[in-house]
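S.K.: Following is a predicted model, sequence given first.
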Amino acid sequence: IFLYTTLIGFTWSVETPARRVYMRGIVGSLGITRVLAIEMIAWNGGQLIGSNVAGLGLMFIHTGWLFLLVASLMIGSIFLLGGLPTGFTKSLEKGVGSFGKSLAEGFQLVKGSRLLKGSLLIMGVTNLFAFNYEPLTPVFAVHVMGLGSALLGLLISAPAIGAMAGAVWLSLYGHRVHRHGILLAAATMGMMLGNLGLSISNSYIQSLLSLMLVGASLNLFITMSGALILVAVPIDKQGRVLGIQAVMIGFFPVGTLIVGSLSNQLGPNMALLITSLVGCITTAAIALLFSELRLPTRALNGKKADDQ
């Protein structure tokens with residue numbers, strides 16, 4: 001199981017930056033926010049269906065068969081990539097260098113931009129504290145509320161329900177978004193508040209609504225974190241910065257270890273409450289210290305977004 005999860009995490013960390021740079025190359029800067037929102041509709045739709053199917057499937061099917069089904073779907077998705085356009089990628093070939101050089105260029109670009117530094121710090125804080133609801137949701141469901149697998153599946157899918165609503169809104173009005181940084185901070189705060197609501201919840205409905213708030217905020221966070229980099233960073237440098245973003249996402253397991261340790265000592269409710277409060281305070285401090293996050297997002301190379 002650990003090897004399986006490690007491989008999933010590795011492929012995701014490679015595939016996500018590549019996919020987003022590819023989409024940016026197709027639609028350009030002005031359309032990327034809406035496209036990322038549509039991407040989230042597909043992602044959350046799959047999560048919504050999958051979590052409920054898994055919840056029901058666990059009642060009748062051995063767990064191993066469900067893992068086999070997931071692996072089969074991933075292998076099958078490879079065949080969907082055939083025939084995709086690749087012409088625009090030729091303009092990027094001259095910008096590809098050694099791994100070390102590319103990594104150094106990415107860090108140099110981030111070092112010179114307070115917008116990127118502030119946004120990446122928020123991404124790190126989010127992955128450290130805002131996703132703690134994930135490992136604790138089954139704990140609340142089974143040990144606090146005594147739910148069965150079907151209601152557990154619905155509870156786990158609650159973030160996807162909220163995210164779906166947020167993704168539909170962004171797909172319609174995403175082209176009006178110009179201040180990606182402040183929306184990124186607001187999305188993180190929304191996730192923290194949803195975690196807080198779950199930590200003090202004593203009912204199934206309150207837990208469901210709290211996780212829906214987390215999902216709506218998560219959708220905004222993922223869309224803004226990707227769109228900010230794809231709008232601000234020159235296209236030939238985007239893969240490098242998205243790679244650094246993946247490093248910040250790597251704080252997620254660290255946050256899981258922290259909340260797990262606190263949960264063993266203080267209980268799941270108090271552990272989630274403490275980490276959420278710390279996350280709220282840290283995010284607010286970053287948003288105040290980096291005023292660039294509150295300004296309209298501009299390309300770092302001085303060009304207009306639609307000129308890149």
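M.R.: Sure thing, it's come through.
S.K.: Show me where the protein has its helices.
M.R.: 2-27, 29-57, 63-77, 99-111, 114-125, 133-139, 149-173, 180-199, 204-232, 238-249, 251-266, 268-289 (DSSP state H).
S.K.: Rebuild those as TSV, extending it with distance to residue 296.
M.R.: No exception for glycine: its C-beta is placed from N, CA and C like everyone else's. TSV is the format used below for the helices of the chain (distance: least, Cβ to Cβ, whole Å):
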stretch	distance to residue 296
helix 2-27	19
helix 29-57	13
helix 63-77	37
helix 99-111	20
helix 114-125	11
helix 133-139	32
helix 149-173	16
helix 180-199	9
helix 204-232	10
helix 238-249	19
helix 251-266	28
helix 268-289	15
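S.K.: any idea how far residue 215 is from the residue sitting furthest away from the middle of the chain?
M.R.: With Cα atoms, centre = their mean as the measure, the chain has its most outlying C-alpha, relative to the mean C-alpha position, at residue 60: 31.6 Å. Computed with Cβ to Cβ, to the nearest Å, the distance linking residue 60 and residue 215 is 27 Å.
S.K.: what does residue 182 give?
M.R.: With distances taken as Cβ to Cβ, residue 182 is found 20 Å from residue 215.
S.K.: what do you get for residue 22?
M.R.: Using Cβ to Cβ, we find residue 22 at a distance of 26 Å from residue 215.
S.K.: quick one, which of residue 182 and residue 215 is more surrounded?
M.R.: The neighbour count for residue 182 versus residue 215, taken as other Cβ atoms under 10 Å, is higher for residue 215 (28 against 16).
S.K.: what about the closest residue to residue 115 other than its chain neighbours, how many residues close to it?
M.R.: Taking Cβ to Cβ, 6 or more residues apart in numbering, and ignoring the residues beside it in sequence, residue 115 has residue 292 as its nearest neighbour in space, at 4.2 Å. Residue 292: 16 surrounding residues under other Cβ under 10 Å.
S.K.: and residue 284, how many residues sit next to it?
M.R.: Neighbour count for residue 284, taken as other Cβ under 10 Å: 14.
S.K.: what sits against it?
M.R.: Applying Cβ atoms under 8 Å, 6 or more residues apart in numbering, one finds that residue 284 lies in contact with 185, 189.
S.K.: you'd agree residue 133 is up against residue 197?
M.R.: No - between residue 133 and residue 197 there is no contact under Cβ atoms under 8 Å: 9.6 Å.
S.K.: circling back: any idea how far the residue nearest to residue 115 lies from residue 105?
M.R.: Counting by Cβ to Cβ, the gap between residue 292 and residue 105 amounts to 21 Å.
S.K.: try residue 70
M.R.: Taken as Cβ to Cβ, the spacing of residue 70 relative to residue 105 amounts to 36 Å.
S.K.: Just give me the residue right at the centre of the protein.
M.R.: A centroid search over the chain (Cα atoms, centre = their mean) returns residue 222, at 4.1 Å, as the residue closest to the centre.
S.K.: For it, which non-adjacent residue is spatially closest?
M.R.: Residue 222's closest residue in space is residue 40 (Cβ to Cβ, 6+ apart), at 6.2 Å.
S.K.: where are the low-confidence patches of the stretch 201-308 of the chain?
M.R.: Judged by pLDDT under 70, the stretch 201-308 of the chain has its weakly predicted residues at 301-308.
S.K.: what about the residue nearest to the centre of the chain, distance to residue 236?
M.R.: Between residue 222 and residue 236 the distance, using Cβ to Cβ, works out to 24 Å.
S.K.: ditto for residue 191
M.R.: 32 Å.
S.K.: Could you check which of the two is surrounded by more residues?
M.R.: Between residue 191 and residue 236, residue 191 has the larger neighbour count (other Cβ under 10 Å), namely 29 against 17.
S.K.: can you tell me how far the closest residue to that one other than its chain neighbours sits from residue 145?
M.R.: Among residues not flanking residue 191 along the chain, residue 130 sits closest, at 3.9 Å (Cβ to Cβ, 6+ apart). The spacing between residue 130 and residue 145, counted by Cβ to Cβ, is 22 Å.
S.K.: Give me the more crowded residue out of the two.
M.R.: When residue 130 and residue 145 are compared for neighbours, residue 130 comes out ahead with 30 against 16, by other Cβ under 10 Å.
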